[in-house]
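[1] Could you work out the structure for the sequence below:
(2 chains)
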Amino acid sequence: DTGVSQDPRHKITKRGQNVTFRCDPISEHNRLYWYRQTLGQGPEFLTYFQNEAQLEKSRLLSDRFSAERPKGSFSTLEIQRTEQGDSAMYLCASSSVTLGYEQYFGPGTRLTVT
Amino acid sequence: GQQVMQIPQYQHVQEGEDFTTYCNSSTTLSNIQWYKQRPGGHPVFLIQLVKSGEVKKQKRLTFQFGEAKKNSSLHITATQTTDVGTYFCALRVGSSNTGKLIFGQGTTLQVKP
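    Next comes the predicted model:
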């Protein structure tokens, strides 16, 4: 399977714990995006990378959230001191600046904070 | 910032009936993309529209971009149970060919067999 993959698919954590999610984009894609989706809503942009550079971070993203893409391939999204309001589906997508404008989404990581 | 609004939020149809979802903006849009998300799945790209008055067809799906580029629609002719899911319009933002997406709230389609 050469699509976007995410790990883990599900994560249950207690309030106050730190969690980290991983995204592996399509190999030739240089742009990687993180979105958050809650029930009944469209995906909400969090941040994106071109290669290893983080080009934009949503103003809605608190300082508890950090993302990295150290070698321009996979990316990690860390949430520190989780809160119940962080419960959501975290979606990763990738695209290529040269190949096209469509974004390819991964299956997502569903986070539940208890 | 720019926003796109979708109506209706939900639509229940009998199999074989037509379905339309609308995407509206108060400002002129440079482009609009449409995605489909099946229940329990992730968004899948359907199409991008960029030209005023543009109409594109994919089998039973017809996509339109308004003349003023402030609205778009997706019309499905003779729905089938495989059409079930949530349809999102999204605005691609940024100067390059690829940029972040701003999604509408989506229209969830249920099809009764």
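
[2] so how many other residues sit close to the residue in chain B that chain A sits nearest to?
    Of all residues in chain B, residue B:103 sits closest to chain A, at 3.1 Å by Cβ to the nearest Cβ. C-betas here are computed from N, CA, C, even on glycine. Counted by other Cβ atoms under 10 Å in any protein chain shown, the residues lying close to residue B:103 total 23.

[3] ok, now which ones touch it?
    A:42-44, B:4, B:35, B:88-90 (Cβ atoms under 8 Å, 6 or more residues apart in numbering or on different chains).

[4] Tabulate the residues you listed (JSON lines), appending secondary structure, distance to residue B:108 and pLDDT.
    Formatted as JSON lines, the contacts of residue B:103 follow (DSSP: H, G, I helix; E, B strand; the rest coil; distance: Cβ to Cβ, whole Å; pLDDT from 0 to 100):
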{"residue": "A:42", "secondary structure": "coil", "distance to residue B:108": "11", "pLDDT": "96"}
{"residue": "A:43", "secondary structure": "coil", "distance to residue B:108": "15", "pLDDT": "97"}
{"residue": "A:44", "secondary structure": "strand", "distance to residue B:108": "17", "pLDDT": "96"}
{"residue": "B:4", "secondary structure": "coil", "distance to residue B:108": "16", "pLDDT": "95"}
{"residue": "B:35", "secondary structure": "strand", "distance to residue B:108": "13", "pLDDT": "98"}
{"residue": "B:88", "secondary structure": "strand", "distance to residue B:108": "10", "pLDDT": "98"}
{"residue": "B:89", "secondary structure": "strand", "distance to residue B:108": "14", "pLDDT": "98"}
{"residue": "B:90", "secondary structure": "strand", "distance to residue B:108": "16", "pLDDT": "96"}
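
[5] Spell out which parts of chain B neighbour chain A.
    Residues of chain B lying close to chain A by Cβ under 8 Å from any Cβ of the partner chain are B:31, B:33, B:41-45, B:48, B:88, B:90, B:92, B:96-98, B:100-106.
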